[in-house]
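J.: Next one to model:
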Amino acid sequence: MMPALKPFEEYGLGPDVLPVAQRRVADFVTLTKPRVVTMVVLTTLLGYYLGATAASFDWLRLAITLLGTSLAASGTLALNQYLERD
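T.: Numbers count the residues shown, from 1 in each chain. Coordinates of the predicted model:
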């Protein structure tokens, strides 16, 4: 049986702090440009599918490749935003 979740007041997160944390997460997500990353991951998925044969298709390798591609693309886009700041 899972324990009940504690209210955010017990962690010292009042109503004025929680929106700040939510905005920060939203800012980080926006910084990584998820729509662009999705297109890069879909392109990688299609390339893996077209390049693999039935005998060499490995789901774990595909998952690791897609995860690494999405992390690399997100980091690159975040770095690009940092370099182009005003």
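
J.: give me the element residue 79 is part of.
T.: Assigned by DSSP states H and E, residue 79 belongs to helix 59-83.

J.: what mean pLDDT does that helix have?
T.: What helix 59-83 shows for mean pLDDT is 95.

J.: Buried residues, it. List them.
T.: 65-66, 69-70, 73-74, 77 (16 or more other C-beta atoms under 10 Å). (Each C-beta comes from the backbone N, C-alpha and C, glycine too.)

J.: Need the contact partners of that helix.
T.: For helix 59-83, contacts defined as C-beta atoms under 8 Å, 6 or more residues apart in numbering pick out 31-33, 36-37, 40-41, 44-45, 48.

J.: 10 Å - rerun?
T.: Helix 59-83 is contacted from outside by 28-34, 36-45, 47-49, 52, 58, using C-beta atoms under 10 Å, 6 or more residues apart in numbering.

J.: before we move on, what about stretch 43-50?
T.: Contact partners of stretch 43-50, identified using C-beta under 10 Å, 6+ apart, comprise 57-58, 61-62, 65-66, 68-70, 73.

J.: Thanks a lot, catch you later.
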